[in-house]
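**Q** what follows is a predicted protein model with its sequence.
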Amino acid sequence: MSNPFPPSEPTIPRTLAEIFAGVMERNSPQPLMYKEGGQWKALSRTKLYGMTAGVAAALRRWGISKGDRIAIISENRPEWTISDFAIALSGAVVVPMFPTLSPDQTKFLLQDSGARAAFVSTKKQLKKLLSIAGETGVQKIVVMDQPEGDQAGGDRTGDEPTGKDQCGGVSVASMRDIMEHGASPDPEFESAASRITPDDLASIIYTSGTTGVPKGVMLTHENLATNIAFSLREYCVGPGDVSLSFLPLSHITARHVDFAVLYRGGTLAYVSSVDQLPAALKEIQPTFLVAVPRVYEKIHAQLEVKTKDFPKKWIYAWAKTVGNSHKKEILAGKVPRSLSWKLADRLIYSKLRSAVCSRVKVFISGGAPLGYNLADWYTTMGIRIHEGYGLTETSPVIAVNAPGAHKIGTVGKPLKNVDVRIADDGEILVRGPSIFRSYWKRPEETAAAFSDGWFKTGDVGNLDAEGFLSVTDRKKDLIKTSGGKFIAPQPIENSLKHNSLVAEAVVFGDQRKSAGVLIAPSFPMLEKWASENNVQFASRQELVEDPKIRALYQNIVHQANSKLADFEKLRKVFLIPEELRVEDGMLTASMKLRRRVVEEKYKHLIEKTALAGASDA
């Protein structure tokens, strides 16, 4: 398929109103798909317009004006995107919030942003919001699920609800009702959208808080729209392509991808939780897949297990050798033509690729470092993953590997409208129209984030002679040993996680003589190994304390150490009897490691074991 949006595309959208207009103009009969009652259903462009206009009309009736902040607290579903467009095109400001946040965390964001209204997905989210609404400025709550009975406190016309007394002074409305009363076309809706300017504030997105209190990143219409226009320019994505919307839309990466796919005429199929992803991959057969490294890690681990069941294991080893000899062609986007490749593809690669999705043409990874080993493994299987890089503050894409410019181990070349340079201390600095202007109500932190007009990303990296950007680590994550040596933990952690028995690895060693690592095993894989090797256990605690298991992981770390400089080697290995989860605060909602939280939680284990004289790896 030829690229419907070549690099010479004459007009560059500068507002989300222009992005929405582009969605309406594309040749996509059904931009949105969703599952209801076990069946996949489609939403036409006409319906999308009418529903968005209906929500925008309700906002006008409720007195929502330009600059007012409105929260969206929901899992992925069509109503998320409809709310997003309706709020932004009304001149108000979208404040996305993860539905997994606790009441106190949600209250902080509502108070800090000064949100006047909120769109929530379910009765559960409504109950949470009603329990804290009295301590915030929220006056209106819109519920996406169809309310039962008179739960919404309103009539069925989409007019002002009347149930304020029942809801503690906060009125509640049904989103389904207000969507169904949208006009198409709607002159008032279009007039309000036409008055949006590039400098208008479109969204306040709170950082995930890996290093402290969440900060509200203020993104303008131009920030978001120009990034949407440039991020996929080198890709052949357009009408007929289907993308699964399963990464949380409260995160900038997922929201950006969905906007970009819609703008280019593709179709979004919503998956409300990552647990539903395997089924959705088989049912929808997407052609375009964007995922965080954790998803690719899980797929890799599952496929590695499948290969152990092959009747002749040497065939898999041979196929990997064949794949290694053809990596240059694969990374160039070509299909190898050798007889050995065709045979290996028929016996091994095609079966593994079909387990991911046989129709996917483009694989993209973002949100965190993919890791060279993982990218290399996929390449040997004939799958080229385009790794990208960005931050909330950059709307988000700074750089991405493209079909015509791909180098494994890098995050690609910077977008055409983004300037990148490396500071003297190795920090990546960026500037351009997609870079945010300031943090919400935090002028001092805003000033500290810039140097001579360049945004300081907080990441360390380099640009090679061909213009490809590599990201080494987070500047604040660099570990300085007591001997004064600096260790970048992420490449080491990614190397360990390439082993299917390792779910998470956390390298530590700041101000210590040497580095060590906390490992959270992949328990399904480990329990299978234990069963096959006669390891008896009654709990995960017993499992990780078993001498055979300890030796197993010592060996995994020993292999990783063989590729490290002496000062980087991991001298201590600690196994923990649980997986790291978002619910426990050890991962952010976007699945990034909260390093300091994990280290603090297991500080007693590290200190106690170290004092007891744990053996070196």
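**A** Everything's here; your move.

**Q** run the chain-centre distance for the longest strand seen in the chain.
**A** The longest strand of the chain (DSSP state E) is strand 454-463. The chain centroid and the centroid of strand 454-463 are separated by 20 Å under C-alpha atoms, centre = their mean, to the nearest Å.

**Q** that strand - contacts with which helices or strands?
**A** Strand 454-463 sits against strand 419-422, strand 427-431, strand 469-474, with contacts defined as 3 or more C-beta pairs under 8 Å, 6 or more residues apart in numbering; DSSP states H and E. C-betas here are computed from N, CA, C, even on glycine.

**Q** how far out from the middle of the chain is stretch 206-226?
**A** 14 Å.

**Q** span of it from start to end?
**A** Terminal residues of stretch 206-226 lie 20 Å apart, using C-alpha to C-alpha, to the nearest Å.

**Q** kindly report the same for stretch 424-443.
**A** End-to-end distance of stretch 424-443: 25 Å, with C-alpha to C-alpha as the criterion.

**Q** find the nearest non-adjacent residue to residue 599, please.
**A** What sits nearest to residue 599 in space, not counting adjacent residues and going by C-beta to C-beta, 6 or more residues apart in numbering, is residue 508, at 5.5 Å.

**Q** can you give me the neighbour number for that neighbour?
**A** Residue 508 has 22 neighbouring residues, counting by other C-beta atoms under 10 Å.

**Q** pLDDT below threshold where in this structure?
**A** Within the chain, the ranges that satisfy pLDDT under 70 run 1-10, 147-168, 208-212, 308-312, 590, 608-617.

**Q** domain map for it?
**A** Recorded structural domains for the chain (assignment: automatic domain parsing) are 16-196, 289-475, 478-612.

**Q** export those as TSV, with columns for distance to residue 262.
**A** Output for the domains of the chain, formatted as TSV (distance: least, C-beta to C-beta, whole Å):
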stretch	distance to residue 262
domain 16-196	5
domain 289-475	13
domain 478-612	21
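
**Q** which stretch among those comes nearest residue 257?
**A** Smallest distance to residue 257 across the domains of the chain (C-beta to C-beta): 4.8 Å, for domain 289-475.

**Q** only the buried residues of stretch 437-456, if you could.
**A** 438, 439, 440, 442, 446, 449, 454, 455, 456 (16 or more other C-beta atoms under 10 Å).

**Q** how about stretch 33-53?
**A** Of all the residues in stretch 33-53, those buried under the rule 16+ other C-beta under 10 Å are 33, 34, 35, 43, 45, 47, 48, 49, 50, 51, 52, 53.

**Q** farthest pair in these?
**A** Between any two of those, the greatest separation by C-beta to C-beta is 24.8 Å, found for 35 and 53.

**Q** for the nearest residue in space to residue 454 that is not next to it in sequence, grab the count of nearby residues.
**A** Setting aside the residues directly before and after it, residue 454 is nearest to residue 429 in space (C-beta to C-beta, 6+ apart), at 3.9 Å. Per other C-beta under 10 Å, the neighbour tally for residue 429 reads 18.

**Q** how close does residue 429 sit to residue 397?
**A** According to C-beta to C-beta, to the nearest Å, residue 429 and residue 397 sit 16 Å apart.

**Q** could you do residue 80 as well?
**A** Taking C-beta to C-beta, one finds residue 80 at 20 Å from residue 397.

**Q** again with residue 334
**A** For residue 334, the distance to residue 397 equals 26 Å [C-beta to C-beta].

**Q** repeat that for residue 340.
**A** Taken as C-beta to C-beta, the span from residue 340 to residue 397 is 37 Å.

**Q** of the buried residues of stretch 437-456, which is the nearest to residue 385?
**A** Taking C-beta to C-beta as the measure, residue 385 sits nearest to residue 455 out of the buried residues of stretch 437-456, at 26.6 Å.

**Q** contacting residues for that closest one?
**A** By C-beta atoms under 8 Å, 6 or more residues apart in numbering, the contact set of residue 455 is 393, 394, 429, 430, 431, 435, 436, 449.

**Q** what number of residues lie near the residue nearest to the first one when sequence neighbours are not counted?
**A** With C-beta to C-beta, 6+ apart as the criterion, residue 393 has its nearest non-adjacent residue at 4.6 Å, and that residue is residue 436. Residue 436 has 20 neighbouring residues, counting by other C-beta under 10 Å.

**Q** okay, residue 436 and residue 511: tell me how far apart.
**A** Remark: distance between residue 436 and residue 511 (C-beta to C-beta) = 33 Å.

**Q** and if you look at residue 521?
**A** From residue 521 over to residue 511 the distance is 28 Å, taken as C-beta to C-beta.

**Q** who's more crowded, those two?
**A** Set side by side, residue 521 and residue 511 show more neighbours around residue 521, with 24 against 8, by other C-beta under 10 Å.

**Q** the more buried one contacts residue 499, correct?
**A** No. When contacts are counted by C-beta atoms under 8 Å, residue 521 is not listed as touching residue 499 (10.0 Å).

**Q** the more surrounded of residue 340 and residue 397?
**A** residue 397 (27 against 15).

**Q** now do the contacts for that one.
**A** Going by C-beta under 8 Å, 6+ apart, the list of residues near residue 397 reads 227, 230, 231, 256, 366, 388, 389, 390, 415, 434.

**Q** hmm, back to that, what is the most widely separated pair among the buried residues of stretch 437-456?
**A** Checking these with C-beta to C-beta, the most distant pair is 440 and 454, at 21.0 Å.

**Q** which residue, other than its chain neighbours, is closest to residue 415?
**A** Counting by C-beta to C-beta, 6+ apart, the nearest residue to residue 415 once its immediate chain neighbours are dropped is residue 230, at 4.6 Å.

**Q** quick revisit: is it true that the residue nearest to residue 393 touches residue 216?
**A** No. Using C-beta under 8 Å, residue 436 is not in contact with residue 216, being 10.1 Å away.

**Q** which residues are in contact with the host helix or strand of residue 572?
**A** Using DSSP states H and E, residue 572 sits within strand 570-575. With C-beta under 8 Å, 6+ apart as the test, strand 570-575 has contacts from 492, 507, 514-519, 521, 544-545, 549-550, 553-554, 557, 560-561, 564, 602, 605-606, 609-610, 614, 616-617.

**Q** now, which of those lie within strands?
**A** Here DSSP E is the test, and the contacts of strand 570-575 give 507, 515, 516, 517, 518, 519, 521 as lying in strands.

**Q** what about residue 358, how many neighbours?
**A** Applying other C-beta under 10 Å, we find 12 other residues in the vicinity of residue 358.

**Q** could I get the phi/psi values of it?
**A** phi -70, psi -20 (degrees, to the nearest 10).

**Q** show me the contacts for it.
**A** For residue 358, the contact set (C-beta under 8 Å, 6+ apart) comprises 285, 350.
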